[in-house]
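fold the following, please.
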Amino acid sequence: MERKLYKRETYLKKVRGFYHDTDVIKVFTGVRRCGKSSIMAMIQDELREQGITADNIIFIDLDDKKYRKVKTDDRLEKAIEDKSAVEGVKYLFVDEIQNVSGFEEVINGIRGKDYSIFITGSNSYLLSGELTTKMTGRYIEFEIFPLNFEEYLGMKQYYDKTINPNLMIELNNYLNEGGFPRTVLYDTLADKRTYVSSVVKEIFEKDIRKRVKIRKVEVFERVRDFIINNYGATFSVQSLQKALDKNGLEIRRETITRYVDALTASKILYKCDRFDMKSKRSLSGEKKYYISDTAFYFSTNTDNRINYGPALENLIYTYLRSKDYSVSVGRIGKLECDFITRDNELNYAYIQVSYTIGESKETEDREYASLEKIRDNYPKYLVTTDYLLQKRNGIRHVNLMDFVGNGKLF
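Next comes the predicted model:
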């Protein structure tokens, strides 16, 4: 019996307005196993609920053994034609389309001809080639992330998994287990870790090794693990090279750049640019790196202790990105503002993240300091796990669980 899917409304509401648009291709990207295929299945369910017949919904999963020979544009075109002998608009869903060489010509050829097209790809290579150059303005990218904390709790409830009434315990569980949807269905932490480890291997084999020439796999893995182990830290390629050298790994800057690009293209890593708020300029070369899911960290380490500083930053970063906010790191003199955010209507907000400010007056002053230095009137947030909230200089002190359940900053 097929399991009923937990609806990820965060993404469905972004796509609904384009369900019947035959002129715009809907492209879903995101790290492997984050739930792209399930979201396409949810869209198909909603189309059927709207009265679209099964014959008008075409689903081609290129990872399925039934389509293992569909590797070229000609075979893809034939597979689509074989399922298209119906009148009216056809709703075409193609999963893992980057498996087909020259797929751009096929998709471009049927766009606007009674096909509403939905495609997925596990990495940004999908949008780095001919799809971008040939179809500028003709596709919309919807970036999918693993479950955020709000979705994690929602999915556990949906599948009748035990939820601890103490949300701080659930927050710890989430940071340890991560947000890959399938991990929620496993009952033990060991099984969850085993699954995430298999995802890491799959990403390396299918999304990195096939596209990037990696002669020394062990060296690549050491670079990967070093960056993952230091997520939330600021690096330039130069400083990363020095840090690796101190750890006994001599490696050229060009090689580091290539490896980092491969990790970001596969959506394991996200680069967050730094911005000098006094000069109003980007700080070239200096970036923070966040991971698409904290499970990547814990699956590659035996230490289960959570460093809440980077873990909570990472949680907020991926949450904001899933809500379509642009995010950068702000510097104000010697102080740092964790995040400067901007929505699609050019509204700004500033966010400082801390586990708690209840330890001491010194801790409170430190966390407020960077926000108090900002002289404009955009909203300013201090996000902590505290339930006793402060009021100080118009800065909004909010509880993290409330913050990630609200959905909007403005």
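
C-alpha only now, for contacts and for neighbours.
Fine.

what comes up buried for stretch 341-358?
By neighbour count on 16 or more other C-alpha atoms under 10 Å, the buried set for stretch 341-358 is 341-343, 348-358.

flag every buried residue along stretch 74-81.
Within stretch 74-81, the residues that count as buried by 16+ other C-alpha under 10 Å are Arg75, Leu76, Glu77, Ile80.

can you give me how far that stretch is from the chain middle?
Between the centre of stretch 74-81 and the centre of its chain there are 31 Å (C-alpha atoms, centre = their mean, to the nearest Å).

just to revisit the earlier point, so which of the buried residues of stretch 341-358 belong to strands?
Residues of those located in strands (DSSP state E): Thr341, Arg342, Tyr348, Ala349, Tyr350, Ile351, Gln352, Val353.

list just the nearest of those to Leu312.
Closest approach between these and Leu312, by C-alpha to C-alpha: Val353, at 7.0 Å.

what sits against the closest one?
Gly309, Leu312, Glu313, Asp338, Glu367, Leu382, Val383, Thr384 (C-alpha atoms under 8 Å, 6 or more residues apart in numbering).

measure it to Lys373 for me?
Distance of Val353 to Lys373, given as C-alpha to C-alpha, to the nearest Å: 16 Å.

OK, contacts around Tyr297?
Ile228, Asn229.

confirm that it sits in a strand.
No. Tyr297: not assigned to a strand; according to DSSP: H, G, I helix; E, B strand; the rest coil it is helix.

pLDDT score for it?
At Tyr297, the model reports a pLDDT of 92.

strands of the stretch 1-150 of the chain, start to end?
Applying DSSP state E, counting those that start in this stretch to the stretch 1-150 of the chain gives strands spanning 25-29, 57-61, 90-95, 115-121, 139-143.

quick one, helices of the stretch 201-350 of the chain?
For the stretch 201-350 of the chain, the helices defined by DSSP state H, counting those that start in this stretch cover 217-229, 237-246, 253-265, 295-299, 308-322.

which of those is buried the deepest?
helix 295-299 (a mean of 22; mean count of other C-alpha atoms under 10 Å).

restrict it to CA atoms and write it as PDB.
Taking C-alpha atoms only, helix 295-299 is exported to PDB below (Å, rounded to 0.1, in the frame of the first residue of the first chain):
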ATOM      1  CA  ALA A 295      22.700  15.600   9.300                       C
ATOM      2  CA  PHE A 296      25.700  15.900   6.900                       C
ATOM      3  CA  TYR A 297      27.800  17.000   9.900                       C
ATOM      4  CA  PHE A 298      26.600  14.300  12.300                       C
ATOM      5  CA  SER A 299      26.700  11.500   9.800                       C
END
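
could you redo the buried residues of stretch 74-81 as CSV and give each row distance to Arg32 and pLDDT?
Below are the buried residues of stretch 74-81 laid out as CSV (distance: C-alpha to C-alpha, whole Å; pLDDT from 0 to 100):
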residue, distance to Arg32, pLDDT
Arg75, 24, 95
Leu76, 22, 96
Glu77, 25, 95
Ile80, 24, 95
